[in-house]
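Novice: Here is my input, please return the structure:
(chains A and B)
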Number of protein chains: 2
Amino acid sequence: MNVLIVYAHPQPQSLNGAIRDFAVQRLEAAGHRVQVSDLYAMQWKTTIDEQDAPERDPSEPFHASLDSKQAFESGAQRADIAREQEKLRWADALILQFPLWWFSMPAIMKGWIDRVYAYGFAYGVGEHSDTHWGDRYGEGSMAGKRAMLIVTTGGWDSHYSARGINGPIDDVLFPIQHGMLFYPGFDILPPYVAFRTGRVDAERFAQIERELGERLDTLATTPPIPYRRQNHGAYEIPALTLKDDIATGQTGYAAHIG
Amino acid sequence: MNVLIVYAHPQPQSLNGAIRDFAVQRLEAAGHRVQVSDLYAMQWKTTIDEQDAPERDPSEPFHASLDSKQAFESGAQRADIAREQEKLRWADALILQFPLWWFSMPAIMKGWIDRVYAYGFAYGVGEHSDTHWGDRYGEGSMAGKRAMLIVTTGGWDSHYSARGINGPIDDVLFPIQHGMLFYPGFDILPPYVAFRTGRVDAERFAQIERELGERLDTLATTPPIPYRRQNHGAYEIPALTLKDDIATGQTGYAAHIG
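Specialist: Below you'll find the model as predicted:
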């Protein structure tokens, strides 16, 4: 497979750096082709703004969404954005690797999503009407590709358990897995999360290598999380609420898993 | 009251710009003092990196957390970070205003959180042991201050309802409200969310002004969301799971609301 790792950590000499190096080696040793977008090393431009649509009409107010559409469709995007989109087209699998900062991804990676996910590329794809609300949530430009998160956090697994104070890790990651990845069409594999990363000795790192290695070895075969697809009968359109006979009585994120 | 509005939108001539202007006028007319951190206009540095700790030892690997602690404690932070912290100390209420991009805040605002929330300022506050897991989740540097989100989204309210495809808006905002704001001690007011912002005509904007105006008029008195406080008996420490007799049988985000 072609694997794209988008990686956000400021320091190569870190746990995240070691995990990244391990992942690249493991995947390449198994015959996969790997590209890494090392956002800090690339000095990734984090903030979407009018520079991202160089040929826009400067007399009109900048519109993040419509200007990204125009730039995408006309081939006038900035080169850094176009390059990342090309890597996504090339990839069979996408891995986002990051430390969990304030219950989300580091700003530099959010800026990768905000900028690379142009209108027409990651959203605004397909017919958009009162009977078909776009090709999204299981359909879209990334359909047929797999995606997986590799996340580190200083918190304990109990803090992120079903009754843990930070909220269940599956819920914390839902806006990323379902919202940023399933939305443009990726199949989402269960995440690999390393907890309690404040103290990782050699023994603990060996455990991470074993567990993550197993996950990387089965990247092509691990069953994805069965998120319900938008356009296959589970949802009322255009309200986009679950039909009464689907997950009857259930509310919240878990109801969207079949 | 002293009110700090942290605002993230690239274009002043926009719905968000109009809402921001309305909020400032309404608050000032009621006698409040208002400061606005307009992150795009300030060209806010979005990405935390070693430039944020100018006096660090460059022969050591950069550590985002420990270097922010050292810079905060020694008074060696970058001026832009110190200024925002000073605004937070000044404020009685914080408003974060942003368009919901990919189920979270724009990267530039995440970068405000990542950088302004230094170790020792927003986390790592108070005793940290196996019997007291820091002054956080209801205690901390921001205790006694109020916080509220003003959010715009193109999606419909039904898409963010209890069984809506995007997940309930309260769950989507939980990592921000509970994770980024309640954690350092703010009392969190219910958010003001404007849905379906793709088509806002004069009538709809007048409705937003009425609804938001009412919320701003009651900023000092609206009861906060009753998130459970970490250090007041609801949680096992250090596991930080809800005790068996609290919200018995409940799991997920809602269990953390009393």
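Novice: got the residues of the stretch 151-258 of chain A near chain B?
Specialist: A:156, A:158-159, A:161-168, A:171-172, A:174-176, A:178-180, A:230, A:235, A:238-242, A:247, A:250-256 (C-beta under 8 Å from any C-beta of the partner chain). Backbone N, C-alpha and C define where each C-beta goes, glycine included.
Novice: Give the buried subset of these as a PyMOL selection command.
Specialist: Provided next is the PyMOL selection string for whichever of those are buried by 16 or more other C-beta atoms under 10 Å in any protein chain shown:
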select buried, chain A and resi 156+158+159+161+162+163+164+165+166+167+168+171+172+174+175+176+178+179+180+230+235+239+240+241+242+247+251+252+253+255+256
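Novice: burial measure for A:Ala64, as a count.
Specialist: 22 (other C-beta atoms under 10 Å in any protein chain shown).
Novice: where do the strands sit along the stretch 51-200 of chain A?
Specialist: Along the stretch 51-200 of chain A, counting by DSSP state E, counting those that start in this stretch, strands occupy A:93-99, A:146-152, A:187-188, A:192-194.
Novice: Please tabulate the ones you listed in JSON lines, including the columns mean pLDDT.
Specialist: Output for the strands of the stretch 51-200 of chain A, formatted as JSON lines (pLDDT from 0 to 100):
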{"stretch": "strand A:93-99", "mean pLDDT": "98"}
{"stretch": "strand A:146-152", "mean pLDDT": "98"}
{"stretch": "strand A:187-188", "mean pLDDT": "98"}
{"stretch": "strand A:192-194", "mean pLDDT": "98"}
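Novice: got JSON lines for these, with distance to B:Pro224 too?
Specialist: Compiled in JSON lines, those are given as follows (distance: least, C-beta to C-beta, whole Å):
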{"stretch": "strand A:93-99", "distance to B:Pro224": "30"}
{"stretch": "strand A:146-152", "distance to B:Pro224": "30"}
{"stretch": "strand A:187-188", "distance to B:Pro224": "34"}
{"stretch": "strand A:192-194", "distance to B:Pro224": "31"}
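Novice: do you know which of the ones you listed lies nearest A:Ala107?
Specialist: strand A:93-99 (10.6 Å; C-beta to C-beta).
Novice: how far is the closest one from where the chain is centred?
Specialist: 7 Å (C-alpha atoms, centre = their mean, to the nearest Å).
Novice: Need phi/psi at the residue lying closest to A:Gly198 once chain neighbours are set aside.
Specialist: Computed as C-beta to C-beta, 6 or more residues apart in numbering or on different chains, the closest residue to A:Gly198 that is not its neighbour in sequence is A:Gly154, at 4.8 Å. Main-chain torsions, A:Gly154, degrees, to the nearest 10: phi -70, psi -20.
Novice: same question, A:Gly185
Specialist: Torsion angles, degrees, to the nearest 10, at A:Gly185: phi 120, psi -10.
Novice: circling back to that earlier point, the residue nearest to A:Gly198 contacts A:Ala194, doesn't it?
Specialist: No - with contacts counted by C-beta atoms under 8 Å, A:Gly154 stays clear of A:Ala194, the gap being 10.0 Å.
Novice: So those two - more neighbours on which side?
Specialist: Taking neighbours as other C-beta under 10 Å, A:Gly154 and A:Ala194 compare with A:Ala194 leading, 22 against 14.
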